[in-house]
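> 3D, please:
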Amino acid sequence: MSTHEPPTDRDGSPAPTGADSPSRSAAVSAPGTPGAPGAPGTATVAVPGPSPSSDGEVGAEGDRGAEDEAGADDDHGGGRRWSRDLLWIAAVCVVVLLVVNAFVVRPFAVPSGSMEGTLRPGDRVLANQLAYAFGGHPQRGDVVVFDGIGSFLPYQDEPSGLKRLLTGAGLAPAGDTVYVKRVIGVGGDRITCCGTDGRLKVNGVPLDESAYLLPGDAPSAVPFDIVVPDGKLWMMGDHRSASRDSRDHLGEPGGGAVPEDKVIGRADWVMFPLGRATSLDRPAAFAAIEGTGGHGEQR
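Down below sits the predicted model:
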């Protein structure tokens with residue numbers, strides 16, 4: 001005789017077994033009717049329970065829709081944040097570019113052949129605006145970019161403050177008042193041309209210009225003997241026969257010398273065309289003049 005008994009349900013009655021086992025439903029008996037499920041007087045109501053999702057969580061269509069809508073909102077919010085980030089990056093880049101253009105380096109296009117064969121028409125040069133920013137002075141042999149108003153253009157009025165500001169920031173073109181030339185003499189130098197050897201002399205020292213003077217050109221077809229005023233510069237182009245420079249303004253106010261404070265920067269690099277990209281170094285020949293005068297040096 002078997003002593004095994006079927007497990008009881010929660011109310012103590014034996015749990016049904018086999019094929020007659022009920023599904024997951026709640027049996028609700030009519031009041032006063034003690035019958036079993038399926039017996040007369042007993043109402044059986046199936047109450048569907050929540051079906052578990054594949055990951056063990058309860059899933060519902062409403063919940064999924066809410067999640068999809070929240071995800072779409074996140075996507076829109078992320079797109080707006082990315083757009084704002086791009087705008088901030090663009091604004092910072094513009095500000096940095098303006099600051100660099102106004103205070104560090106500025107590009108200039110060479111308009112003529114007056115500096116051949118160092119520079120050609122159409123060359124783009126970068127003017128280093130920090131070269132003389134901290135008490136430095138332009139040196140003999142430097143190629144510089146400068147504003148010719150008051151020297152090469154002695155009768156032209158200065159532009160308005162707003163135009164100077166916009167030009168300095170690179171927001172307005174420099175116009176035809178800007179020149180690029182080589183510094184031949186500084187304040188206090190005596191420059192003469194030309195001696196019996198055909199050379200230009202600075203403080204009595206003949207200057208070897210073969211490193212930059214256009215082949216076939218003479219140092220100058222115009223004889224002169226000048227002393228550069230303090231704080232000014234004597235400028236000449238490397239293509240002497242095609243350059244209007246300090247020599248052409250000897251009889252005008254200022255005598256053709258350019259004030260140092262009109263120098264925008266030292267042209268340190270040719271950046272375009274790429275095949276001509278190079279640095280513009282001071283020729284070694286000018287070292288022979290050092291210590292002979294200029295900028296307060298003793299002669």
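> how many residues are close by residue 246?
Residue 246 has 27 neighbours, counted by other CB atoms under 10 Å. Using the backbone N, CA and C atoms, a C-beta is placed for each residue, glycine as well.
> isn't it up against residue 236?
Yes - Residue 246 is within contact range of residue 236, at 6.3 Å (criterion: CB atoms under 8 Å).
> need the residues touching each of the two.
Common contacts of residue 246 and residue 236, defined by CB atoms under 8 Å, 6 or more residues apart in numbering, comprise residue 184.
> please, where are all the strands along the stretch 101-250 of the chain?
Using DSSP state E, counting those that start in this stretch, the strands of the stretch 101-250 of the chain run over 105-109, 124-128, 143-147, 178-186, 190-193, 201-202, 205-206, 224-227, 232-236.
> what is the fifth one packed up against?
So the one you mean is strand 190-193. If you count contacts as 3 or more CB pairs under 8 Å, 6 or more residues apart in numbering; DSSP states H and E, strand 190-193 packs onto strand 201-202, strand 224-227.
> highest average neighbour count across those strands?
With neighbours taken as mean count of other CB atoms under 10 Å, these reach their highest mean count in strand 201-202, at a mean of 22.
> what sits up against that strand?
140, 184-185, 189-195, 207, 289, 292.
> make TSV from these and add pLDDT, distance to residue 89 and neighbour count to it.
Below are the contacts of strand 201-202 laid out as TSV (pLDDT from 0 to 100; distance: CB to CB, whole Å; neighbours: other CB atoms under 10 Å):
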residue	pLDDT	distance to residue 89	neighbour count
140	97	44	24
184	97	46	25
185	97	48	26
189	96	50	24
190	96	55	17
191	96	52	20
192	96	57	17
193	94	55	23
194	89	58	17
195	80	61	12
207	96	51	23
289	94	50	24
292	86	53	17
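> between the residues you listed, which sits nearest residue 240?
residue 193 (9.8 Å; CB to CB).
> which strand residues bridge the closest one?
For residue 193, the beta-bridge partners are residue 224 (DSSP bridges).
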